[in-house]
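J.: Using only what follows, build the 3D model:
(2 chains)
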Amino acid sequence: MWLPVLGLIIGVILGLMTDIKVPDEYSNYLSIAVLAALDTLFGGIRAQLQNIYDEKVFVSGFFFNILLAASLAFLGVYLGVDLYLAAVFAFGVRLFQNIAVIRRILIAKWSQNREKTEKNDI
Amino acid sequence: MDSKKKFSFAFITVVIGFMIAIQFQTVKEPAVRDTRDTWELRADILKEKELQLRLLREISSNEEKIAQYETKRKQSKEQVLRETLDELKMEAGLTEVSGPGIILTIEPVYEELLLGKQADSVSPDLLKRLVNELNMYDAKHISIGGRRVINTTVIRDINRETMIDGYALKSLPIEVKVITENFQSAEKLFNRMQVSKSAEEFFIDNLRLKVEKSAEPITVPAYDETLRIRYMEPVKPDKGGKS
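T.: Have a look, this model is predicted:
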């Protein structure tokens, strides 16, 4: 359980230490890629909690979503339509849904645990 | 979750962390908001202006220094000597010179071909006369057939061949380049040469002297031998030169 958190911390430290800066015109792509990654991450966590986690789906979804989002933004730039907003919207909604599902599951687990302990106490 | 799954999950989180960090760094740029009010801004402008003033003063003082050095260099004896040397070299004919002037072409009279008597060389006397005439009419630098004519140049007949400083003249036609002080004197020289007597004298020898004006500056080559001065001495200041 702690390995992914450790990975996240390592990644952040690496990113801060390398001092890489993306040019302004590409920051859109990166932001949407980050959003897609977060979406996939939370989707993965939810799937794990629901016991339907599949590694292949997770890893492929991660890269595919990032690429799709970036190419959508790219297409939008060339069409003159802010298509990346569509990706932001879709990912945002999914992010909220995923987090909501995770919250419900956690709450349910927590209340189950409490009931169990209360029963045990009694 | 087995360990393989854990590692792939961790790898993905590393990538996500990396991306987030980079995004954070990219967006973070205007980290400090400008919260100065008018008076603070004024004070800052004043500070910057003072800095600018100081820099400008520094620049101007440096430029002044450069100018000072420049004038010092110009006024130094070395520079004067150098300039004099260059001037003398140019006057003596040791440098390539280009300027306004005329081009004279000495060519055989083709009509004489029919009579079977073609001139094949120019006599040194004629050339000397021509050079003298050119000098009389304010020619500054002369070259004959690509050889520079200077004060000590000898034009003479060696083994029935006309030589300039020991170099045989090329075969006819010969080009004589003359450089004058400026365009006006070139014009004057051109007019004088057109009516000069030497053209007639050349014609007696079955040669024709063609005079051309040149719109572009003419280039006369440098004298490429060493100057040998044998009978010249500097004037002793205590003996003469009191003019």
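
J.: interface residues of chain A facing chain B?
T.: With C-beta under 8 Å from any C-beta of the partner chain as the criterion, chain A meets chain B at residues A:3-16, A:19-22, A:24, A:27, A:30-31, A:33-34, A:37-38, A:40-41, A:44, A:48, A:53, A:55, A:58-59, A:62. Where C-beta positions appear, they are placed from N, C-alpha and C, glycine not excepted.

J.: Only the buried subset of those, as a ChimeraX command please.
T.: In ChimeraX syntax, the buried subset of the residues of chain A next to chain B is picked out as below (16 or more other C-beta atoms under 10 Å in any protein chain shown):
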select /A:4,7,8,11,12,14,15,16,22,27,30,31,33,34,37,38,40,41,44,48,53,55,58,59,62
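
J.: Next, check the residues of chain A next to chain B against the strands and list the overlap.
T.: Assigned to strands by DSSP state E, none of those qualify.

J.: what comes up buried for the helix or strand containing residue B:131?
T.: In the assignment (DSSP states H and E), residue B:131 maps to helix B:124-136. Under the neighbour-count criterion of 16+ other C-beta under 10 Å, helix B:124-136 has B:124, B:126, B:127, B:129, B:130, B:131, B:133, B:134 buried.

J.: next structured bit after the top helix by length along chain B?
T.: Criterion DSSP state H: the longest helix present in chain B is helix B:38-75. The first helix or strand that comes after helix B:38-75 along the chain, using DSSP H and E, is helix B:77-92.

J.: Please list the residues outside that next one that contact it.
T.: For helix B:77-92, the surrounding residues in contact (C-beta atoms under 8 Å, 6 or more residues apart in numbering or on different chains) are B:73, B:95, B:97, B:150, B:151, B:223, B:227.

J.: how far does the helix or strand just after that helix sit from the chain's center?
T.: Next along the chain after helix B:77-92, taking DSSP H and E as the criterion, comes strand B:97-99. On the basis of C-alpha atoms, centre = their mean, to the nearest Å, strand B:97-99 sits 9 Å off its chain's mean C-alpha point.

J.: avg pLDDT for strand B:97-99?
T.: For strand B:97-99, mean pLDDT rounds to 84.

J.: give me the number of residues near residue 17?
T.: Just going to use chain A. By the criterion of other C-beta atoms under 10 Å in any protein chain shown, residue A:17 has 9 neighbours.

J.: think we crossed wires, I meant chain B
T.: Neighbourhood size, residue B:17 [other C-beta under 10 Å]: 24.

J.: do the same with residue B:109
T.: By the measure other C-beta under 10 Å, the count of residues near residue B:109 is 16.

J.: Run a quick check on it versus residue B:204, I expect a contact.
T.: No - using C-beta atoms under 8 Å, residue B:109 is not in contact with residue B:204, being 10.4 Å away.

J.: And the residue nearest the centre of chain A?
T.: Centroid-nearest residue in chain A, with C-alpha atoms, centre = their mean: residue A:38, separated by 2.2 Å.

J.: buried set for the longest helix seen in chain A?
T.: The single longest helix within chain A, with elements called by DSSP H, is helix A:84-121. Neighbour counts over helix A:84-121 (16+ other C-beta under 10 Å) mark A:84, A:87, A:88, A:90, A:91, A:94, A:95, A:98, A:101, A:102 as buried.

J.: how distant is stretch B:33-45 from the center of its chain?
T.: Taking C-alpha atoms, centre = their mean, one finds the center of stretch B:33-45 at 57 Å from the center of the full chain.

J.: ah, wrong one, I meant stretch B:76-94
T.: Relative to its parent chain, stretch B:76-94 has a centroid offset of 15 Å by C-alpha atoms, centre = their mean.

J.: Extract the CA atoms of it and return them as PDB.
T.: Taking C-alpha atoms only, stretch B:76-94 is exported to PDB below (Å, rounded to 0.1, in the frame of the first residue of the first chain):
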ATOM      1  CA  SER B  76      52.200  60.300 -30.500                       C
ATOM      2  CA  LYS B  77      55.400  60.500 -32.500                       C
ATOM      3  CA  GLU B  78      55.200  57.000 -33.600                       C
ATOM      4  CA  GLN B  79      51.900  57.600 -35.400                       C
ATOM      5  CA  VAL B  80      53.300  60.700 -37.100                       C
ATOM      6  CA  LEU B  81      56.400  58.800 -38.100                       C
ATOM      7  CA  ARG B  82      54.300  56.000 -39.400                       C
ATOM      8  CA  GLU B  83      52.100  58.300 -41.400                       C
ATOM      9  CA  THR B  84      55.100  60.100 -42.900                       C
ATOM     10  CA  LEU B  85      56.600  56.700 -43.800                       C
ATOM     11  CA  ASP B  86      53.400  55.700 -45.500                       C
ATOM     12  CA  GLU B  87      53.200  58.900 -47.300                       C
ATOM     13  CA  LEU B  88      56.800  58.700 -48.500                       C
ATOM     14  CA  LYS B  89      56.400  55.100 -49.500                       C
ATOM     15  CA  MET B  90      53.400  56.100 -51.600                       C
ATOM     16  CA  GLU B  91      55.300  59.000 -53.200                       C
ATOM     17  CA  ALA B  92      58.300  56.800 -53.900                       C
ATOM     18  CA  GLY B  93      56.000  54.300 -55.600                       C
ATOM     19  CA  LEU B  94      56.300  51.300 -53.200                       C
END
